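[1] sequence first, then the predicted structure:
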Amino acid sequence: MKFEIVTPEKLIVSAEVDFVSAPGTDGEFGVLEGHVPFMTTLRPGVISTETNGAEILYGVSGGTVDVTPESVTVLAEDVILKADADIDTAQKLQQEAEYNLAGKENATDADSAHWRRQLQKAEAMLAMCS
């Protein structure tokens, strides 16, 4: 089946895969070709694809997924590839985001949204490192 991950900036991956596992907000789910169609939201975590026994991992900070019998399409804000997942960087980003979100009553909505996205990105990176 066709698997794609798209961010606002670009197409990250477009490939034929045998199986997809993803972190839905209501729990982990897996998809094989012919799956019943559905749409759902994603929580920060790791999407795994399998093709001929080879697994590829993608960290996502959240987003949405559209499943059809022939495809899985992920729309994500941020995607972390395994090669880019670094626990030290993730922990520093997490601490910085938590600091900037804590007790900031005067923060603008844009600032708060930025730091929430950074926290989700850190969570996705940490999931890739575990």
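    The structure has been received and is ready for your questions. Residues are numbered from 1 along each chain as shown.

[2] can you classify residue 13 by secondary structure?
    strand (DSSP: H, G, I helix; E, B strand; the rest coil).

[3] okay, it: pLDDT?
    The pLDDT attached to residue 13 in the predicted structure is 96.

[4] how about it, nearest residue that isn't a chain neighbour?
    residue 5 (5.0 Å; Cβ to Cβ, 6 or more residues apart in numbering). Yep, even glycine has a C-beta here, placed from its N, CA and C like the rest.

[5] adjacent strands (with direction) for the strand or helix carrying the one you found?
    Secondary structure assignment for residue 5, by DSSP states H and E: strand 2-6. As defined by DSSP bridges, the strand partners of strand 2-6 come to strand 11-16 (antiparallel), strand 71-76 (parallel).

[6] nearest to residue 123, out of those?
    Ranking the strands paired with strand 2-6 by proximity to residue 123 (Cβ to Cβ) places strand 71-76 first, at 13.1 Å.

[7] ok so, going back, distance check, the residue nearest to residue 13 against residue 87.
    22 Å (Cβ to Cβ, to the nearest Å).

[8] ok, residue 111 touching residue 100?
    Yes: assessed by Cβ atoms under 8 Å, residue 111 is found in contact with residue 100 at 7.5 Å.

[9] and these two? Which one has more around it.
    residue 100 (17 against 13; other Cβ atoms under 10 Å).

[10] cool, thanks, signing off.
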